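[1] From the sequence below, what's the structure:
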Amino acid sequence: MLLRRPAVAHSGRPVRAVEAPAGPTGRLSDLPPGSRATIVGLADGAPPSTAHRLADLGFTAGTPVQVVRRAPLRDPVVYRVKDYDLCLRRAQAAHVLIRDAR
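    As a prediction, the model looks like this:
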């Protein structure tokens, strides 16, 4: 039997998905360039190592995020989070749940 330890951020708290509030929600990977949204949490199906890394990069609940630009073949994508830009593959961004900031 394989037991999995929960992913833990550097703060020592477990990283887990948050229940999505009412309103339109989706995945970060589906946003077009120039869009803004608020992060709701991470998907339950995210591998622990990916969830840990995303949390360390600042993809935490309540954080605003903006899609800056995409590479010509749609992957990777540059996102602006907490005053800095970073690049993620669409497969990684699909684990981030968002609420449109309309």
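[2] and residue 51, how far is that from residue 33?
    25 Å (C-beta to C-beta, to the nearest Å). Placement of C-beta: from N, CA and C, glycine included.
[3] Over to residue 54?
    Distance of residue 54 to residue 33, computed by C-beta to C-beta: 20 Å.
[4] which one of the two has more residues nearby?
    Remark: of residue 54 and residue 33, residue 54 carries more neighbours, 24 against 11, as counted by other C-beta atoms under 10 Å.
[5] what's the pLDDT at that one?
    pLDDT, residue 54: 93.
[6] With residue 46 as the reference, measure out to it.
    Between residue 54 and residue 46 the distance is 7 Å, computed by C-beta to C-beta.
[7] Now the common contact residues for these two.
    Taking C-beta atoms under 8 Å, 6 or more residues apart in numbering as the contact criterion, the residues that touch both residue 54 and residue 46 are residue 95.
[8] For residue 94, give me its contacts.
    Taking C-beta under 8 Å, 6+ apart as the criterion, residue 94 is in contact with 27, 28, 29, 43.
[9] repeat that for 10 Å
    Shown here is residue 94, whose contacts under the criterion C-beta atoms under 10 Å, 6 or more residues apart in numbering are 27, 28, 29, 30, 43, 45, 46, 50, 88.
[10] now for those, which pair is the farthest apart?
    The two members of the contacts of residue 94 with the most space between them (C-beta to C-beta) are 30 and 50, at 17.4 Å.
[11] And the two? Which one has more around it.
    residue 50 (19 against 13).
[12] what about the strands in this protein?
    Remark: strands assigned in the chain by DSSP state E are 25-27, 36-42, 64-70, 77-81, 84-88, 96-100.
[13] can you tell me the average pLDDT over the fourth one?
    Confidence over strand 77-81 (mean pLDDT, whole number) is 95.
[14] Parallel or antiparallel, which strands does it pair with?
    Strand 77-81 has the following strand partners under DSSP bridges: strand 64-70 (antiparallel), strand 84-88 (antiparallel).
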